[in-house]
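> pasting the structure only:
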């Protein structure tokens, strides 16, 4: 089998919007996405799936109702399904996300952003 590797830095360089994930690959019914984050997202949860955050560059904090998880480059955290969380980044950070395809980023399809493939 032959194929092309995916350069995440190159993919991240194609957009500037924050909190707007882009799909870079799919596997086993899951979307692999990159996203630029800065500032505070909204409090939300995902009733049917865990939420994986892998920091590629910078630092983020995942606020939970009972504490916070601080992540730097190369660190990851999985928010269990149904757990309310609020990602925050003081400065711009780049994050890899993995979720089942079609998972709304806000936990609510009515307020979720469209996640284009790049």
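Cool, the structure landed. Since the model is a prediction, treat every value here as computed from it, not as a measurement. Residues are numbered from 1 along each chain as shown.

> look up how far residue 66 lies from the nearest residue to residue 76 once chain neighbours are set aside.
If the residues on either side of it in the chain are set aside, residue 76 comes closest to residue 54, at 4.1 Å by CB to CB, 6 or more residues apart in numbering. Heads up, the C-betas are built off the backbone N, CA and C, glycines and all. Counting by CB to CB, to the nearest Å, the gap from residue 54 to residue 66 is 22 Å.

> the more surrounded of those two?
residue 54 (18 against 7; other CB atoms under 10 Å).

> so the residue nearest to residue 76 touches residue 78, yeah?
No: assessed by CB atoms under 8 Å, residue 54 is found out of contact with residue 78, at 9.6 Å.

> all helices for this structure, in order.
8-12 (DSSP state H).

> scan it for its longest strand.
For the chain, the longest strand by residue count, based on DSSP state E, is strand 85-100.

> in space, what's closest to the residue nearest to the spatial centre of the chain - neighbours in sequence excluded?
The residue lying closest to the centre of the chain (CA atoms, centre = their mean) is residue 97, at 3.7 Å. With CB to CB, 6+ apart as the criterion, residue 97 has its nearest non-adjacent residue at 4.5 Å, and that residue is residue 33.

> just residue 91 next, same as before
Residue 91 sits nearest to residue 58 (CB to CB, 6+ apart), 6.1 Å away.

> show me where pLDDT drops low in the chain?
Along the chain, segments meeting pLDDT under 70 span 1-2, 104-113, 116.
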